[in-house]
Each structure stands twice: as C-alpha cells, then as structure tokens.
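1. with the input below, show me the fold.
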Amino acid sequence: MDELEGVKARTDSVISTHAASLVEASRQIHTQPELSFAEHHAHDLLCDLLERAGLRVERSAFGLETAFAARAGSVGPTVAVLCEYDALPGIGHACGHNVIGTAGVGAAIAAATVAEELGGQLLVLGTPAEEGGGGKVAMAQAGAFDGVAAAMMIHPAGMDMARMTAIAIQQLTVTYHGKAAHAAAAPHAGVNALDAAVLGYQNVAALRQHIRADERVHGIFTEAGEAPNVVPARSSTHWYVRSPTVAGLAALKPRVLAALEAGALATGCTMEHHWIDPGYADLVDNEAMIELYERNLARCGRTLTEPSAQHAVVGSTDMGNVSHLVPSIHPMIAVAPPGVPIHTEEFAHHAGSEPGDRAVLDGARAMAATVVDLWGAPALMEAVTAEFEANRLSGRITGRATI
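-> The predicted structure is shown next:
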C-alpha cells in the first residue's frame with residue numbers, strides 16, 4: 001500500500017488542478033436542475049470536462065440520450081466510476097446529484113492519468129434518471145457493466161457514512177372500475193370505484209402491522225371521482241412497496257396486491273394493476289472496497305462512520321441493481337450538518353454551497369485513490385472479487401439487473 005501513496009499524491013494533484021472547473025460545473029448543474037432523462041445541460045457539461053482532460057467520451061451512450069461513457073487505459077481490470085445528475089421535481093438538487101456527477105468526473109480525470117502506468121482500465125458512466133427512471137438498469141441491460149470488475153459512486157448526506165440503507169422497491173399502480181349513477185336519485189344503480197380504493201387502502205393499512213418492521217408500503221389516491229353527486233365509476237391509486245431485500249420484496253408484493261384486490265371484491269368493482277419497471281434492488285455493499293474507501297477518505301480529513309438510528313439515510317436506488325451485477329459501493333459524503341435530511345429545500349441549499357464544493361473535491365480524491373488501490377494492489381482486487389463471489393453463492397445477490 002505504501003508504494004501507492006506517491007501515485008495517490010499525483011491523483012490528488014490532478015484534482016487540485018481541475019478543482020475550479022469541477023466546482024464550477026457542480027454549481028452550474030445545481031442552478032439548472034433537470035429532471036430524469038432530460039439532463040441535457042449536465043450531460044454536455046460533464047462530457048466536455050472529460051474530453052478536455054483527454055478521455056475517450058461516448059455521448060448518448062447505451063441507447064439513452066442523456067447517458068455517457070468515457071474510457072481510459074487499455075489493459076487490466078475495469079473499474080467503473082458512476083455519475084448521477086438528475087434533479088427532483090419542485091426542489092431541484094435536494095439529493096445533491098450535482099455533487100455526485102462532478103465528483104465522479106473528478107475521480108475519473110485523476111485516475112485516467114495513471115491507468116496505463118498501473119495496468120488498469122477506467123470506465124466513467126453518466127447514469128441519468130436515478131430518481132425513479134432507473135437509468136442504470138437500462139444501461140445494464142444494454143451491456144454497460146459487462147466486464148466491469150468493480151463500481152463505485154458517492155452520495156451526499158448529512159454525515160460521512162459507509163453506506164445508505166438502500167432497500168428494494170417496486171412501484172404499483174391500481175385502477176378500479178365501477179359504474180356511475182346519480183348519488184342522490186339512484187345510488188343503488190351505481191358501483192362505487194372510490195369505495196373500492198378506500199377499502200383497498202384500509203386493507204393495506206391493516207396489513208402494515210403484520211409485515212416486517214423494516215418493510216414499507218405507502219400509497220396515494222391519484223383519481224377519486226369527478227363530482228360528489230356522481231357515484232365514482234373509476235378510481236386510481238399509486239403505491240411504493242419496499243423490503244430490505246429482493247427476496248423479501250417478492251414475498252411482500254402478492255400480499256399487498258391481495259389487500260387491494262379485496263377492495264374490488266367487496267364492492268363489486270373490477271381492478272387492473274401494473275407493476276412499474278424497473279424495480280430497484282437492495283444495495284449490497286462490498287465491504288472490502290468500503291475499507292479501502294474509508295482509508296482514502298481519511299486522507300481528506302474525513303472520518304467514515306456507520307449509520308446509526310439517529311443518522312441514517314433510508315431509501316432506494318438503482319445503484320442497488322448494479323451491486324447485484326458487480327462489486328459496488330455507495331458511501332455517503334457530508335455536505336450538510338447532521339440531521340438535515342435529503343430531499344428537502346434545506347439540503348438542496350447545502351449541496352450548492354461551500355460544503356457541497358468540498359464534497360466534490362474530497363469525494364473525487366477518495367474515489368480516485370480507491371481506484372489506484374484496486375489497480376495497483378492485485379490482492380485487494382482479489383479480496384473484492386472473492387467477497388462478491390461469496391455473496392453470489394449464498395444467494396445474497398441475484399446476478400441480474402432487473403428484479
């Protein structure tokens with residue numbers, strides 16, 4: 001490891017050289033938030049940075065207009081650094097994807113300068129539409145992760161944490177069909193689709209006390225009738241069904257569906273449902289790679305901690321699907337004070353301020369140094385691979401991009 005410290009010092013220096021342009025890019029992406037699959041400005045900005053640094057860039061890669069792929073190195077294990085840059089409706093970069101995208105590009109620019117020297121190949125992927133669109137899943141199905149030995153990205157939070165609690169999720173839409181009638185003159189002639197939806201919702205509420213404490217089912221009404229004096233002929237609901245693992249999600253889904261179908265049965269309505277693809281798998285962190293990242297983050301003056309009950313990020317991400325294909329990490333880097341939750345206006349402010357700027361540069365340094373370790377110390381890469389294989393044999397990972 002000591003012999004690689006000089007290489008890491010050089011990658012640090014590269015990031016320092018590019019610091020101003022990386023921070024400026026982060027600020028630009030932050031002030032011009034773009035939603036899933038519409039991240040044209042961010043796509044072009046990050047591709048320009050990579051091209052100016054000498055990387056081979058493919059724009060609109062893997063069949064997605066706002067995805068990109070850039071490469072360096074010609075032989076050796078391929079390490080992928082992933083970039084996100086989509087925003088949230090209404091609250092912009094309240095998940096800090098401006099930091100993710102530019103930190104990933106910074107790490108790639110630095111690592112690319114030593115790829116040939118260390119005998120490694122670099123792949124930096126711009127992955128659109130993490131906020132519900134599943135860009136990484138589509139890219140995986142198109143072959144983006146074929147031959148990749150390891151993958152990494154960082155994600156902003158209120159603390160420097162080894163991981164987020166990323167659980168499996170699939171969305172569900174349900175539509176009930178009844179029969180309209182005048183609610184005062186002839187209610188007996190109607191079949192109330194809103195009643196079906198309400199009963200289905202209540203059934204799910206009853207189900208919640210008999211599912212695991214770490215499972216989640218939450219839904220909203222998206223259509224509930226048109227006028228109070230007309231028996232609703234149609235109603236719709238939208239659900240998120242979550243479980244800590246892909247296997248747990250598979251077991252939970254039919255229970256939720258049965259609860260919703262019971263609402264239709266009780267009211268005489270018919271029901272149609274649609275499980276929205278892609279579902280997101282749980283994220284299986286590679287602990288051997290986390291240890292490397294932890295040591296490299298310490299070089300930046302940051303201390304990586306494990307999530308606690310008070311400070312944790314719980315959610316779902318399509319990086320989970322990637323972690324079932326290749327060894328992966330998704331550590332959290334502090335851009336806000338502890339206790340400031342992501343997906344809030346306050347967090348969005350911090351992601352576009354000086355703490356966000358520092359996270360761009362520190363995240364880039366830590367990831368570039370971790371890539372150096374994986375290329376420069378074959379035993380470390382072997383440990384990463386062995387852990388992944390053990391998870392595969394145990395059934396902890398599925399080996400599939402889709403769930």
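2. can you map out the helices along the chain?
-> 5-17, 19-31, 40-52, 97-112, 115-118, 135-141, 193-208, 246-267, 287-298, 319-323, 345-351, 354-376, 378-394 (DSSP state H).
3. pick the most buried one from the ones you listed.
-> Comparing those by mean neighbour count (mean count of other Cβ atoms under 10 Å), helix 97-112 comes out on top with a mean of 30. C-betas here are computed from N, CA, C, even on glycine.
4. quick one: that one to helix 5-17, angle?
-> Following axes from the mean of the first three to the mean of the last three Cα atoms, to 10 degrees, one obtains 130 degrees for the angle between helix 97-112 and helix 5-17.
5. so, low pLDDT: which residues of this protein?
-> Per-residue confidence for the chain (pLDDT under 70) gives these ranges: 1.
6. what's around I276, how many residues?
-> Neighbour count of I276, defined by other Cβ atoms under 10 Å: 15.
7. how close does it sit to L260?
-> For I276, the distance to L260 equals 15 Å [Cβ to Cβ, to the nearest Å].
8. nearest residue to the residue nearest in space to the middle of the chain other than its sequence neighbours?
-> In the chain, the centroid-proximal residue (Cα atoms, centre = their mean) is T317; its distance is 2.9 Å. Distance criterion Cβ to Cβ, 6 or more residues apart in numbering; nearest residue to T317, sequence neighbours excluded, is A166 at 5.1 Å.
9. what is the neighbour count of the one you found?
-> 24.
10. tell me the bridge partners for it.
-> Under DSSP bridges, the beta-bridge partners of A166 are G315.
11. you'd agree it is up against M319?
-> Yes - between A166 and M319 a contact is recorded at 7.0 Å, counting by Cβ atoms under 8 Å.
12. anything in contact with each of the two?
-> Common contacts of A166 and M319 (Cβ atoms under 8 Å, 6 or more residues apart in numbering): 283, 330.
13. if we can go back for a sec, closest one to A334 among the helices of the chain?
-> helix 354-376 (6.8 Å; Cβ to Cβ).
14. give me the angle between that closest one and helix 287-298.
-> Using the same axes, to 10 degrees: helix 354-376 against helix 287-298 is 130 degrees.
15. contacting residues for A149?
-> A149 is in contact with 77-79, 326-327, 374, 381, 384-385, counting by Cβ under 8 Å, 6+ apart.
16. redo the residues you listed as TSV? Include distance to I403.
-> Listed next are the contacts of A149 as TSV, based on distance: Cβ to Cβ, whole Å:
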residue	distance to I403
P77	27
T78	25
V79	25
V326	16
P327	19
L374	27
M381	28
V384	23
T385	23
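17. tell me which of these is nearest to R396?
-> For those, the residue nearest R396 by Cβ to Cβ is P327; the value is 12.2 Å.
18. surely the closest one and A80 touch.
-> No - between P327 and A80 there is no contact under Cβ under 8 Å: 10.3 Å.
19. distance of the residue nearest to T317 from G90?
-> Relative to G90, and taking Cβ to Cβ, A166 is found at 23 Å.
20. and for A183?
-> From A183 to G90 the distance is 35 Å (Cβ to Cβ).
21. cool, L45 as well?
-> Taking Cβ to Cβ, one finds L45 at 23 Å from G90.
22. before we move on, what about T17?
-> From T17 to G90 the distance is 37 Å (Cβ to Cβ).
23. list the contacts of C269.
-> If you count contacts by Cβ under 8 Å, 6+ apart, C269 has them with 176-178, 191-193, 195-196, 263.
24. at 10 Å what do you get?
-> C269 makes contact with 175-179, 191-197, 199-200, 232-235, 263 under the criterion Cβ atoms under 10 Å, 6 or more residues apart in numbering.
25. compare neighbour counts for A183 and G90 and give me the winner.
-> Neighbours were counted for A183 and for G90 using other Cβ under 10 Å; A183 has more, 16 against 8.
26. and for the nearest residue to that one once chain neighbours are set aside, the neighbour number?
-> The shortest distance from A183 to any non-neighbouring residue, by Cβ to Cβ, 6+ apart, is to N229 (4.8 Å). Counted by other Cβ under 10 Å, the residues lying close to N229 total 11.
27. wait, N229 sits on A184?
-> Yes - counting by Cβ atoms under 10 Å, A184 is a contact partner of N229 at 6.1 Å.
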